[in-house]
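**Q** Take this sequence and fold it.
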Amino acid sequence: MLKSKTFLKKTRAGGVMKIVREHYLRDDIGCGAPGCAACGGAHEGPVLEPQPLDPASSLCPRPHYLLPDTNVLLHQIDVLEDPAIRNVIVLQTVLQEVRNRSAPVYKRIRDVTNNQEKHFYTFTNEHHRETYVEQEQGENANDRNDRAIRVAAKWYNEHLKKMSAENHLQVIFITNDRKNKEKAIEEGIPAFTCEEYVKSLTANPELIDRLACLSEEGNEIENGRIIFSEHLPLSKLQQGIKSGTYLQGTFRASRENYLEATVWVHGDTEEDKEIILQGLKNLNRAVHEDIVAVELLPKNQWVAPSSVVLHDEGQNEDDVEKEEERERILKTAVSEKMLKPTGRVVGIIKRNWRPYCGMLSKSDIKESRRHLFTPADRRIPRIRIETRQASALEGRRIIVAIDGWPRNSRYPNGHFVKNLGEVGEKETETEVLLLEHDVPHQPFSQAVLSFLPKMPWSITEKDMKNREDLRHLCVCSVDPPGCTDIDDALHCRELENGNLEVGVHIADVSHFIRPGNALDQESARRGTTVYLCEKRIDMVPELLSSNLCSLRCNVDRLAFSCIWEMNHDAEILKVRFTKSVINSKASLTYAEAQMRIDSAAMNDDITTSLRGLNKLAKILKKRRIEKGALTLSSPEVRFHMDSETHDPIDLQTKELRETNSMVEEFMLLANISVAKKIHEEFSEHALLRKHPAPPPSNYEILVKAAKSKNLEIKTDTAKSLADSLDRADSPTFPYLNTLLRILATRCMMQAVYFCSGMDNDFHHYGLASPIYTHFTSPIRRYADIIVHRLLAVAIGADCTYPELTDKHKLADLCKNLNFRHKMAQYAQRASVAFHTQLFFKSKGIVSEEAYILFVRKNAIVVLIPKYGLEGTVFFEEKDKPKPKLIYDDEVPSLKIEDTVFHIFDKVKVKIMLDSSNLQHQKIRMSLVEPQIPGISILADTPNMDSDEPERKKKKHEK
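**A** Here you go, the predicted model:
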């Protein structure tokens with residue numbers, strides 16, 4: 001049956017156009033209940049269970065299916081995802097509304113409907129002859145949709161009666177809309193609110209904790225006192241932003257101080273880029289990463305960023321007077337020039353809430369169900385939740401979602417989502433750091449895996465099209481020990497004309513990952529492989545990363561080769577790119593390759609090739625450094641794991657060999673050669689990587705630190721910085737140069753991916769190269785896959801597709817890749833920090849030599865070379881007399897009593913694990929030398945927090 005809607009639309013030219021929309025109605029859409037004779041099995045995909053027995057509900061003891069409305073789906077998705085809830089009918093009307101209102105919830109509901117065990121059935125009510133309703137005159141779209149949902153619920157109940165009178169199957173309508181529920185009951189439809197239904201499931205009391213708390217002002221603490229000013233409606237905010245009364249920006253909470261935040265204003269103007277907010281009332285219920293509207297305060301109310309560290313430790317939930325007292329502490333006397341534009345939040349444009357990991361702070365009131373949840377991320381406020389299982393959740397990492405933040409509540413309201421496990425356990429903490437850094441780590445779905453090649457796999461004639469056979473070449477790979485995702489291999493041989501041929505061969509991942517399919521979309525979403533201390537979160541499934549795309553030795557593999565002809569001075573005479581087939585003759589570690597190069601007894605083809613590569617690499621590196629490339633340093637740590645417990649038993653800094661540098665040189669050269677080629681071919685949509693030059697102010701700390709050791713560092717160009725770092729040597733202090741390079745690294749900007757058509761500054765500051773990209777690691781970086789596709793089109797080895805040449809789509813992709821790379825780095829650092837804690841937990845207390853990296857107002861930040869570990873030594877502690885501190889920002893130096901500390905001074909510190917705060921366990925450092933009365937401690941004083949050494953002593957006494 002065909003319904004048609006006709007409406008008139010005015011065109012730009014002023015004419016009138018008649019539009020007819022056709023809407024098909026059908027009789028053959030199944031109800032989803034198996035064994036329904038009326039539908040005759042017309043349904044496809046997952047269906048409902050014939051006899052839904054669980055869960056047992058005290059409100060509706062008969063077997064039933066659930067039919068939720070849109071708001072239940074949007075707000076109670078955590079309840080619906082619980083394994084206890086099954087047999088749910090999701091109407092097309094509801095699904096369309098959810099899709100328009102929340103993409104993340106829509107994705108979650110699609111995942112649930114695809115899960116066979118949940119028995120969620122999508123019913124196409126908008127195309128079913130008996131359930132389609134037309135909008136009546138004077139009825140708004142919302143009311144029409146509510147009516148459509150009720151019509152479908154009523155139809156279902158009557159339809160199921162026909163199916164079998166004896167088994168009394170019912171469809172229960174779940175809605176939190178009071179009017180809608182009343183109308184449903186009038187029409188004879190069994191209807192309950194989500195809360196009523198969940199509370200009736202006596203066998204699953206834990207479900208109540210997962211209910212989102214929705215009444216904004218209603219069930220609040222009885223004291224109803226208004227703390228915050230009202231948020232303005234969106235229409236007023238948009239008017240205000242247009243007229244310039246308000247500014248729109250991203251709210252960034254401070255880690256150090258919960259009463260302070262900054263708002264990064266969106267827009268191109270540099271002035272007022274950052275607005276500071278201080279005090280609870282001015283933060284006005286904004287949460288980190290929300291998009292907010294801000295009103296600037298008059299200049300006489302501007303403040304300076306505070307240097308006070310304030311964490312929200314209070315247990316009393318609504319002690320606002322105390323907050324006001326703390327806010328007064330922030331307003332220290334400062335000079336006029338330190339004041340920054342200051343504002344207050346007047347409204348929220350977009351909430352960017354996500355589920356948060358953290359721990360429960362159990363209420364002091366014995367029988368209370370209301371508790372505060374403390375997120376692991378200090379930038380997120382504490383959240384009030386209701387739970388009956390507080391005792392079971394104590395000392396465990398849990399996930400909580402925010403539901404809302406009423407004006408009369410000091411904290412937002414939320415609900416419990418998931419219990420992750422015991423705090424401090426390796427699996428739990430790894431899960432927390434992956435979730436907190438938004439690293440996609442769930443197993444690859446069947447849809448993604450379905451695009452992998454079928455095993456056993458071999459190279460076919462079709463694969464050889466547009467490909468050179470390079471299996472005869474003496475190719476080898478050089479990687480860290482234990483590496484299974486080998487994405488690069490090298491060769492070097494002498495040509496008949498006396499020149500050298502050098503090849504870099506990169507795994508041809510883009511041959512297996514075709515544009516636009518589920519595998520491609522998932523790889524693009526992940527963006528990068530994340531390497532944790534003893535776990536790797538792959539960007540592509542293991543079949544590709546560790547097998548078909550890994551250039552292992554003695555197997556045929558598809559590659560993308562970059563081949564140069566060079567003279568013996570490493571000058572490039574010719575370069576060509578080709579898809580190829582290679583057969584690597586050896587997979588070596590850096591140490592094995594180094595041994596071959598150094599051993600006079602070895603003269604086989606592989607060793608000769610390595611020596612040729614090494615000789616050229618040294619020339620290439622020298623030339624690069626002469627151009628002004630920087631050789632910076634960062635203390636990288638390696639853990640030695642116990643083979644059974646997988647706990648770290650030793651911690652040392654990584655050793656770098658000549659062969660590390662050899663591989664790096666040719667990877668850089670390949671990346672630069674490919675960048676030039678794809679930019680020549682696609683000037684508007686090449687994916688490139690740039691490294692902006694830091695603003696001069698970034699270098700202040702480095703210049704001052706060097707000056708305090710009578711050294712001069714010039715920073716006007718990368719070349720002058722590189723040269724002055726090379727000259728900055730002290731015969732009495734050999735480690736000084738490394739420290740300077742570590743400090744120089746901290747001054748740098750972040751390198752980023754960008755699309756050539758959207759930017760005009762391509763320069764890579766650190767490599768001193770006018771153009772650069774990433775081509776050499778497609779197994780672990782999605783950017784390289786795009787670069788492979790661009791290069792393949794440029795040399796005619798593969799065909800293009802629309803998104804590849806759409807610069808706006810590429811710019812969006814770069815934005816995601818930059819975010820994923822940054823998060824991967826943070827996750828890796830968090831993993832190192834956690835394993836370092838495990839190491840010191842088992843090691844007990846140690847004293848080591850350290851060097852000062854930074855001096856602060858009340859602390860020094862030190863680096864311990866032996867462990868590559870950084871930490872802070874505080875000089876002001878709670879409940880202890882405060883020492884006399886004098887901080888000089890110009891030198892910079894910190895005077896404690898009569899001892900002055902400068903950057904790079906050598907000190908001795910005691911290192912131990914501080915477990916006093918379970919959620920934020922940290923490595924604590926105390927000063928041992930130089931001796932300062934009342935500050936320094938003896939190297940061998942045991943620490944009361946750590947019970948490890950005590951336990952060991954008792955064993956000896958036995």
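**Q** mind checking which helix or strand of this protein has the lowest mean pLDDT?
**A** The weakest-scoring helix or strand in the chain, judged by mean pLDDT, DSSP states H and E, is helix 948-957 (a mean of 35).
**Q** How far off centre is the longest helix along the chain?
**A** When the chain is parsed with DSSP state H, its longest helix is helix 807-843. Averaging C-alpha coordinates over helix 807-843 and over its chain gives two centres that are 7 Å apart (C-alpha atoms, centre = their mean, to the nearest Å).
**Q** and the end-to-end length of stretch 369-378?
**A** By C-alpha to C-alpha, to the nearest Å, the extent of stretch 369-378 from end to end equals 24 Å.
**Q** can I get the CA coordinates of stretch 759-774 in PDB?
**A** Presented in PDB, the C-alpha positions along stretch 759-774 are these (Å, rounded to 0.1, in the frame of the first residue of the first chain):
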ATOM      1  CA  ASP A 759      47.800  24.600   5.700                       C
ATOM      2  CA  ASN A 760      50.700  26.400   4.200                       C
ATOM      3  CA  ASP A 761      53.500  25.700   6.800                       C
ATOM      4  CA  PHE A 762      54.900  22.200   6.100                       C
ATOM      5  CA  HIS A 763      58.200  22.600   8.000                       C
ATOM      6  CA  HIS A 764      59.400  19.900  10.400                       C
ATOM      7  CA  TYR A 765      61.400  21.700  13.000                       C
ATOM      8  CA  GLY A 766      63.000  18.700  14.800                       C
ATOM      9  CA  LEU A 767      64.200  17.000  11.600                       C
ATOM     10  CA  ALA A 768      65.000  20.300   9.800                       C
ATOM     11  CA  SER A 769      63.100  19.100   6.800                       C
ATOM     12  CA  PRO A 770      60.900  21.300   4.600                       C
ATOM     13  CA  ILE A 771      58.400  18.400   4.100                       C
ATOM     14  CA  TYR A 772      57.700  15.100   6.000                       C
ATOM     15  CA  THR A 773      55.100  12.300   6.300                       C
ATOM     16  CA  HIS A 774      54.700   8.900   7.800                       C
END
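**Q** my read: residue 357 touches residue 375, true?
**A** Yes: using C-beta atoms under 8 Å, residue 357 makes contact with residue 375 at a distance of 7.0 Å. Every C-beta, even on glycine, is put in place using the N, C-alpha and C of the backbone.
**Q** of these two, who's got more company?
**A** In this view residue 357 and residue 375 are compared by other C-beta atoms under 10 Å, and residue 357 has more residues nearby, 25 against 21.
**Q** now the more buried one: how far from residue 431?
**A** Using C-beta to C-beta, to the nearest Å, residue 357 is found at 8 Å from residue 431.
**Q** for the stretch 1-150 of the chain, what are the low-confidence residue spans?
**A** Along the stretch 1-150 of the chain, the parts satisfying pLDDT under 70 run over 1-9, 37, 40-46, 53-55.
**Q** Mind jotting down where the strands sit in it?
**A** Per DSSP state E, counting those that start in this stretch, the stretch 1-150 of the chain carries strands over the ranges 2-10, 16-24, 64-68, 88-91, 120-123.
**Q** hey, where'd the strands end up in the stretch 301-450 of the chain?
**A** Taking DSSP E, counting those that start in this stretch, the strands of the stretch 301-450 of the chain run over residues 343-350, 356-361, 370-375, 383-386, 396-404, 413-422.
**Q** okay if I get those as TSV plus distance to residue 180 and mean pLDDT?
**A** Formatted as TSV, the strands of the stretch 301-450 of the chain follow (distance: least, C-beta to C-beta, whole Å; pLDDT from 0 to 100):
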stretch	distance to residue 180	mean pLDDT
strand 343-350	27	91
strand 356-361	31	87
strand 370-375	29	86
strand 383-386	25	87
strand 396-404	20	89
strand 413-422	22	87
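**Q** Just tell me which of the ones you listed ends up closest to residue 687.
**A** strand 343-350 (28.5 Å; C-beta to C-beta).
**Q** List the strands paired with that closest one, with their directions.
**A** Paired strands of strand 343-350, with direction, are strand 291-296 (antiparallel) (DSSP bridges).
**Q** For the strand it pairs with, list every residue counted as buried.
**A** For strand 291-296, burial by neighbour count (16 or more other C-beta atoms under 10 Å) applies to 291-296.
**Q** Check stretch 430-450 too.
**A** Of all the residues in stretch 430-450, those buried under the rule 16+ other C-beta under 10 Å are 430-437, 439, 441, 444, 448.
**Q** how about the buried residues of strand 291-296 in a markdown table, adding pLDDT and distance to residue 235?
**A** Shown next, in a markdown table, are the buried residues of strand 291-296 (pLDDT from 0 to 100; distance: C-beta to C-beta, whole Å):
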| residue | pLDDT | distance to residue 235 |
| --- | --- | --- |
| 291 | 91 | 16 |
| 292 | 92 | 16 |
| 293 | 92 | 12 |
| 294 | 92 | 17 |
| 295 | 90 | 16 |
| 296 | 88 | 21 |
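**Q** Of the residues you listed, which is the nearest to residue 785?
**A** Checking those against residue 785 with C-beta to C-beta, the nearest one is residue 291 at 31.2 Å.
**Q** I figured residue 771 hits residue 674, correct?
**A** No: judged on C-beta under 8 Å, residue 771 makes no contact with residue 674 at a distance of 9.9 Å.
**Q** Give me the common contacts of residue 357 and residue 431.
**A** Common neighbours of residue 357 and residue 431 are listed as 397, 420 (criterion: C-beta atoms under 8 Å, 6 or more residues apart in numbering).
**Q** For the helix or strand containing residue 612, which outside residues touch it?
**A** Taking DSSP states H and E as the criterion, residue 612 maps to helix 605-627. If you take C-beta under 8 Å, 6+ apart as the criterion, helix 605-627 is touched by 474, 476, 478, 490-494, 500, 502, 566, 569-570, 585-586, 593, 596-597, 599, 631, 658-659, 661-662, 665-666, 668-669, 719, 722, 767-768.
**Q** Just the buried positions in it, please.
**A** 606-617, 620-621, 624-625.
**Q** Give the closest residue to residue 703 in space, chain neighbours not counted.
**A** What sits nearest to residue 703 in space, not counting adjacent residues and going by C-beta to C-beta, 6 or more residues apart in numbering, is residue 713, at 5.3 Å.
**Q** Now do the one you found against residue 739, distance only.
**A** For residue 713, the distance to residue 739 - C-beta to C-beta - is 12 Å.
**Q** Residue 189 reaches residue 151, doesn't it?
**A** No: using C-beta under 8 Å, residue 189 makes no contact with residue 151, being 9.7 Å away.
**Q** These two: which is more packed in?
**A** residue 189 (23 against 20).
**Q** quick check, that one in a strand?
**A** No: assigned with DSSP: H, G, I helix; E, B strand; the rest coil, residue 189 falls outside any strand and is coil.
**Q** What about it? Give its phi and psi, please.
**A** When read as degrees, to the nearest 10, the backbone of residue 189 gives phi -100, psi 130.
**Q** who's in contact with it?
**A** Residue 189 makes contact with 150, 153-154, 157, 171, 173, according to C-beta under 8 Å, 6+ apart.
**Q** and these as TSV, adding secondary structure, distance to residue 399 and neighbour count?
**A** Below are the contacts of residue 189 laid out as TSV (DSSP: H, G, I helix; E, B strand; the rest coil; distance: C-beta to C-beta, whole Å; neighbours: other C-beta atoms under 10 Å):
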residue	secondary structure	distance to residue 399	neighbour count
150	helix	34	23
153	helix	32	25
154	helix	38	17
157	helix	37	21
171	strand	32	24
173	strand	30	26
